[in-house]
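Chemist: Prediction below, plus the sequence it came from.
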Amino acid sequence: MNKNIDWSSLGFGYVPTEYRFVSNYKNGEWDEGGLTTDSNIVLNECAGVFQYAQTIFEGLKAYRTVDGHIVTFRPDLNASRLKDSAVRLRIPPYDEAKFVEAVKQVVLANEDMVPPYGSGASLYIRPYMMGTNPVIGVKPADEYQFRIFTTPVGPYFKGGCKPISIRVCDYDRAAPHGTGNIKAGLNYAMSLYAIVEAHELGFDENMYLDAATRTKVEETGGANFIFVTKDNKLVTPKSNSILPSITRRSLMVVAKEYLGMEVEEREVYFDEVKDFAECGLCGTAAVISPVGRINDHGKDIFLPSGMEEMGPVCTKLRETLTGIQMGTIKAPEGWICTIK
Ligand code: PLP
Ligand code: COI
């Protein structure tokens with residue numbers, strides 16, 4: 001293991017690792033692909049990715065388990081979501097089994113950068129695809145590149161499990177029938193103005209409401225919402241314009257099967273938010289980050305769980321999920337993909 005890194009002080013930033021996976025699509029097919037040490041991409045100035053933002057990505061993590069294995073969590077779901085994103089942006093999909101093999105290959109090649117068990121850090125894996133050949137009329141590219149790089153990361157929000165403050169955002173991230181349900185770079189470009197503004201105003205994230213009626217909770221710029229009711233139900237927003245978070249889908253199973261909770265995936269009206277006991281953001285990067293305060297145009301809603309620590313249910317959910325990921329709690333069949 002790399003001895004020059006202070007794993008427990010890592011934030012969520014880019015630390016280059018030695019190897020990345022690259023495969024190219026040309027003349028109607030993806031090549032075999034393989035590892036490279038070159039972190040730079042040289043493309044034509046008119047490449048589809050630069051002109052019309054034809055790019056999609058994924059995010060997952062590799063963990064070192066309590067008994068010394070290196071694993072990833074449900075990479076088959078990332079493979080399938082990347083395929084859905086590709087279809088929506090007219091990118092030729094990458095074979096799902098080969099995706100999982102490529103993830104394993106690149107993690108194994110960067111094995112020394114998988115943080116130690118118990119450090120709180122993990123190796124973030126970023127697969128992505130882009131249109132590479134020149135495109136000037138508005139149309140999909142004919143040639144593409146698929147890459148996967150890895151970077152060791154700590155908590156997404158400074159302070160780790162300390163509750164964050166968010167604000168209701170007046171900008172929309174995704175439209176009905178738009179691209180909010182896939183992982184396209186363009187969705188994140190849409191959110192940049194709003195996140196900088198939120199940070200300038202002292203908030204950690206934006207709560208986006210549904211663009212059509214502005215009455216329902218959607219998600220944040222990089223995570224889905226979970227809420228806990230005062231009678232201990234897990235409630236999570238259902239919408240066609242949010243990303244189908246793998247963490248959220250897993251937490252619904254954890255809540256039901258491991259914690260015996262009732263789970264509701266349904267439309268969540270913003271008006272209900274003041275009545276919940278706990279609120280959390282969930283995602284690969286966010287894991288579960290507790291929300292303590294939601295500011296609605298100057299008016300604060302404080303969750304009863306407070307601003308000091310994560311609420312009891314979010315804590316249990318987080319401990320169970322991370323226990324499953326790091327091998328201290330038995331995982332449901334097929335959730336853990338052992339790399340080594
Ligand atoms: N929503 C958005 C907008 C995201 O970027 C992410 C991160 O991937 C998520 C939700 C959480 O998804 P997952 O749990 O699959 O990482
Ligand atoms: C992830 O959680 O993997 C994400 O992609 C969220 C964020 C870093 C954009």
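Modeler: Right, received. Where do you want to start? Ligands and ions are numbered 1, 2, ... in the order given.
Chemist: all contacts plus neighbour counts: C-alpha atoms, from now on.
Modeler: OK.
Chemist: near ligand 2, which residues of the stretch 101-250 of the chain show up?
Modeler: residue 222 (CA under 6 Å from any ligand atom).
Chemist: where along the stretch 101-250 of the chain do the helices fall?
Modeler: 185-200, 246-253 (DSSP state H, counting those that start in this stretch).
Chemist: The first one and ligand 1, any residue contact?
Modeler: No - contact between helix 185-200 and ligand 1, assessed by CA under 6 Å from any ligand atom, is absent, since the two come no nearer than 7.6 Å.
Chemist: List of residues touching that helix?
Modeler: For helix 185-200, the surrounding residues in contact (CA atoms under 8 Å, 6 or more residues apart in numbering) are 53-57, 166-167, 169, 171-174, 179-180, 204-206, 221.
Chemist: near ligand 1 too, which of these?
Modeler: residue 221.
Chemist: Would you write a ChimeraX line that selects the buried entries of the contacts of helix 185-200?
Modeler: Burial among the contacts of helix 185-200 is assessed by 16 or more other CA atoms under 10 Å; the matching ChimeraX selection reads:
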select :53,54,55,56,57,166,167,169,172,173,174,179,180,204,205,206,221
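Chemist: Out of the contacts of helix 185-200, list just those in strands.
Modeler: Residues of the contacts of helix 185-200 located in strands (DSSP state E): 55, 56, 57, 166, 167, 205, 206.
Chemist: now, among those residues, which is nearest to ligand 1?
Modeler: Nearest to ligand 1 out of the ones in strands among the contacts of helix 185-200 is residue 57 (CA to the nearest ligand atom; 8.9 Å).
Chemist: On the pLDDT front, check the closest one for me.
Modeler: On pLDDT, residue 57 comes in at 98.
Chemist: hang on, isn't it packed against residue 146?
Modeler: No - contact between residue 57 and residue 146 fails when scored by CA atoms under 8 Å: they sit 9.4 Å apart.
Chemist: Quickly list what's touching both of those two.
Modeler: 127, 128, 129.
Chemist: Looking at the residues you listed, which is nearest residue 333?
Modeler: Nearest to residue 333 out of the shared contacts of residue 57 and residue 146 is residue 127 (CA to CA; 24.3 Å).
Chemist: Count the neighbours of that closest one for me.
Modeler: For residue 127, the count of nearby residues is 24 (other CA atoms under 10 Å).
Chemist: excluding its backbone neighbours, what's nearest it?
Modeler: Distances taken as CA to CA, 6 or more residues apart in numbering put residue 148 closest to residue 127, at 4.1 Å, once the chain neighbours are dropped.
Chemist: What residues does the one you found make contact with?
Modeler: 20, 21, 22, 102, 103, 106, 125, 126, 127, 128.
Chemist: Show me the beta-bridge partners of it.
Modeler: Assessed by DSSP bridges, residue 148 has beta-bridge partners residue 21, residue 127.
Chemist: Tell me how many other residues crowd the nearest residue to residue 20 once chain neighbours are set aside.
Modeler: Among residues not flanking residue 20 along the chain, residue 149 sits closest, at 4.7 Å (CA to CA, 6+ apart). Residues within reach of residue 149, counting by other CA under 10 Å, total 22.
Chemist: What of residue 69?
Modeler: 14.
Chemist: was I right about it contacting residue 338?
Modeler: Yes - using CA under 8 Å, residue 69 is in contact with residue 338, at 7.1 Å.
Chemist: Let me know the pLDDT of residue 155.
Modeler: 89.
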